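Asks: predicted model, plus sequence, below.
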Amino acid sequence: MLLPCVKCYCYADQTLKINIGDSIIEESICSSCKEFIQDEIENLIMKWTMDFFGENILFKKKSTYSTIYVSENEEQRNLRFLTSFQSGILKKKEGTSTPYLNSFLLGPIFLNRQIKRILCIGLGTGYLVKAFRSFFPDLKIDVVEIDEEVYHVAKKYFNFSLDSNIDVHILDAFEFVKKTDSTSYDLVALDAYDGNKVPAHLDSAKFYKEINRILMPDGILISNLHGRLTGEHSQDFRNSYNKIEEAFNHSIVIPSPNEWEMNILTLSSNNQINKITTDSTVYQEDLKVLIEPWLAVKQYDETDIKEKVCPSIR
């Protein structure tokens, strides 16, 4: 069926996809109008976004993988891939405008032993890498980030820097992991989003099995899954959890304590992972402030997930 171009009404030979938050709008369009109208719509959507959040655009650049924006207001500076909010930092004190990132600091506490080396998949603003470095100063950290422009933005706008214990690899994460020796890492932190979705090849049983291979026998994968445990927004979580379960024997999931964050921290290992509380764990006071909100909400192990939360998970 021939459809008219949404702009000039000639015959359309392509489809224009517009991402707005979690929604995708598709319109029929001709080749000559596509690039012009795409930029026009993007500018309009970003103007709405900036007006809504009271922010101004500091930087914009189209990379191979996305359109990268840095925006800010008086309180925070944020990284966006078009309208999709990735992460940010506070301007008046140390901290992040995306509190879910602090939940990754639970990984060493659940592992409950000295950690020497971790892999962070996805750089973003670099906040998480800096946080790990701050609380575990002797830690060796590898970072894999597919988009070199994100790395440059993190350095220029978010105070990210390298030192002798931090290495950044500009590479697709799957390719990096396949080339990595077995049992190389104590922890792997996976937070690689392309907009509001994890790229399909990084949310696959095959990739999770490769991560399992490069972890120490008791090592833990810490991943940020999007959605809710139950209800209409739970399908993404269910799909990802099923794939992780194919690769690991045990998991603990902790939903965000912030109602507005659709983030679920998932810790997965071949070893049993025990639930923990603030009373049963010893850590420094400044770390406690960051992770305590996550320890105050209910933790679910694989039995809870199958029997209580999502009995139809399979």
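Replies: That came in fine, so what should we check first?

Asks: could you pull out the strands in the stretch 101-250 of the chain for me?
Replies: For the stretch 101-250 of the chain, strands defined by DSSP state E, counting those that start in this stretch occupy the ranges 117-121, 140-145, 166-170, 185-190, 215-226, 250-255.

Asks: for the protein, which helix is longest?
Replies: Looking across the chain with DSSP state H, the single longest helix is helix 31-53.

Asks: shaky segments in the stretch 101-250 of the chain?
Replies: Across the stretch 101-250 of the chain, the ranges flagged by pLDDT under 70 are 195-196.

Asks: hmm, back to that, could I get the strands of the stretch 101-250 of the chain as CSV with distance to residue 12 and mean neighbour count?
Replies: All C-beta atoms are positioned from the backbone trio N, CA, C, and that covers glycine. Formatted as CSV, the strands of the stretch 101-250 of the chain follow (distance: least, C-beta to C-beta, whole Å; neighbours: other C-beta atoms under 10 Å):
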stretch, distance to residue 12, mean neighbour count
strand 117-121, 38, 23
strand 140-145, 36, 22
strand 166-170, 37, 17
strand 185-190, 39, 25
strand 215-226, 32, 22
strand 250-255, 43, 22
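
Asks: redo those strands as a markdown table? Include distance to residue 296.
Replies: Shown next, in a markdown table, are the strands of the stretch 101-250 of the chain (distance: least, C-beta to C-beta, whole Å):
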| stretch | distance to residue 296 |
| --- | --- |
| strand 117-121 | 25 |
| strand 140-145 | 28 |
| strand 166-170 | 31 |
| strand 185-190 | 22 |
| strand 215-226 | 19 |
| strand 250-255 | 10 |
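
Asks: of all those strands, which one is nearest residue 76?
Replies: Comparing these against residue 76 with C-beta to C-beta, the closest turns out to be strand 215-226 (19.3 Å).

Asks: for that closest one, packing partners?
Replies: helix 106-111, strand 185-190, helix 205-214, helix 235-247, strand 263-269 (3 or more C-beta pairs under 8 Å, 6 or more residues apart in numbering; DSSP states H and E).

Asks: in its sheet, which strands sit next to it, and in what direction?
Replies: Sheet pairing for strand 215-226, assigned by DSSP bridges, gives strand 185-190 (parallel), strand 263-269 (antiparallel).

Asks: okay, the ones you listed in CSV with distance to residue 214 next?
Replies: Compiled in CSV, the strands paired with strand 215-226 are given as follows (distance: least, C-beta to C-beta, whole Å):
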stretch, distance to residue 214
strand 185-190, 6
strand 263-269, 13
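
Asks: follow-up on the earlier one: the helices and strands packed on strand 215-226 into JSON lines, with extra columns for distance to residue 132?
Replies: Listed next are the helices and strands packed on strand 215-226 as JSON lines, based on distance: least, C-beta to C-beta, whole Å:
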{"stretch": "helix 106-111", "distance to residue 132": "8"}
{"stretch": "strand 185-190", "distance to residue 132": "8"}
{"stretch": "helix 205-214", "distance to residue 132": "17"}
{"stretch": "helix 235-247", "distance to residue 132": "22"}
{"stretch": "strand 263-269", "distance to residue 132": "15"}
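
Asks: tell me which of these lies nearest to residue 16.
Replies: For residue 16, the closest of the helices and strands packed on strand 215-226 is helix 235-247, at 24.4 Å, according to C-beta to C-beta.

Asks: and for that closest one, what's in contact with it?
Replies: The contact list for helix 235-247 (C-beta atoms under 8 Å, 6 or more residues apart in numbering) reads 197-198, 203-205, 208-209, 211-212, 221, 223, 225-229, 251, 253, 264, 266, 268, 302, 305, 310, 313-314.
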